[in-house]
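Colleague: output the structure for:
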Amino acid sequence: MNNNRILSTISLCKRAGKLLLGFDVVGEAILSGEAKVVIIASDLSPKTQKEVELAAQKGGVRVLPIPSTMDEIWQFVNKRAGVLAVSDQGLAGKLCGLIDHQDKEDECL
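Modeller: Numbering: from 1, shown residues only. Predicted structure coming up:
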């Protein structure tokens, strides 16, 4: 897994206006159906991770853990966050493909 490619794609999502940052914002996006995929940082607290996974399960959204810390994410999106969501199906598929090493991005979602 190429961590820089993942972070660059997350940065692209932000520039496109399709990245949601923070636990509360992502939680609302899951409930409203806006979130296509949820991304969690490697140093997210176990309690928060469990809450995110529960909300995502209820909303039918896939959770993708990445090997990046919140500080590494901050360098790419200018905000320190451990919970992120992508609201665009195509960009979500691209991230899934990078994280899962799959050629077919649509199988991830």
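
Colleague: hey, let's count contacts and neighbours off CA atoms from now on
Modeller: Will do.

Colleague: looking at this, residue 73 is in a strand?
Modeller: No. When classified by DSSP: H, G, I helix; E, B strand; the rest coil, residue 73 is found to be helix rather than part of a strand.

Colleague: which parts of the chain are helices?
Modeller: Under the criterion DSSP state H, helices of the chain are mapped to 3-15, 23-32, 46-59, 70-77, 89-100.

Colleague: what's near enough to touch the most centrally placed residue in the chain?
Modeller: The residue at the geometric middle of the chain, judged as the C-alpha nearest the mean C-alpha position with Cα atoms, centre = their mean, is residue 39 (2.3 Å). When contacts are counted by Cα atoms under 8 Å, 6 or more residues apart in numbering, residue 39 touches 63, 64, 65, 66, 82, 83, 84, 85.

Colleague: for residue 68, same thing?
Modeller: Residues in contact with residue 68, defined by Cα under 8 Å, 6+ apart, are 3, 41, 42, 43.

Colleague: now the last one. Nearest residue, chain neighbours left out?
Modeller: Computed as Cα to Cα, 6 or more residues apart in numbering, the closest residue to residue 43 that is not its neighbour in sequence is residue 69, at 5.4 Å.

Colleague: appreciated, that's everything.
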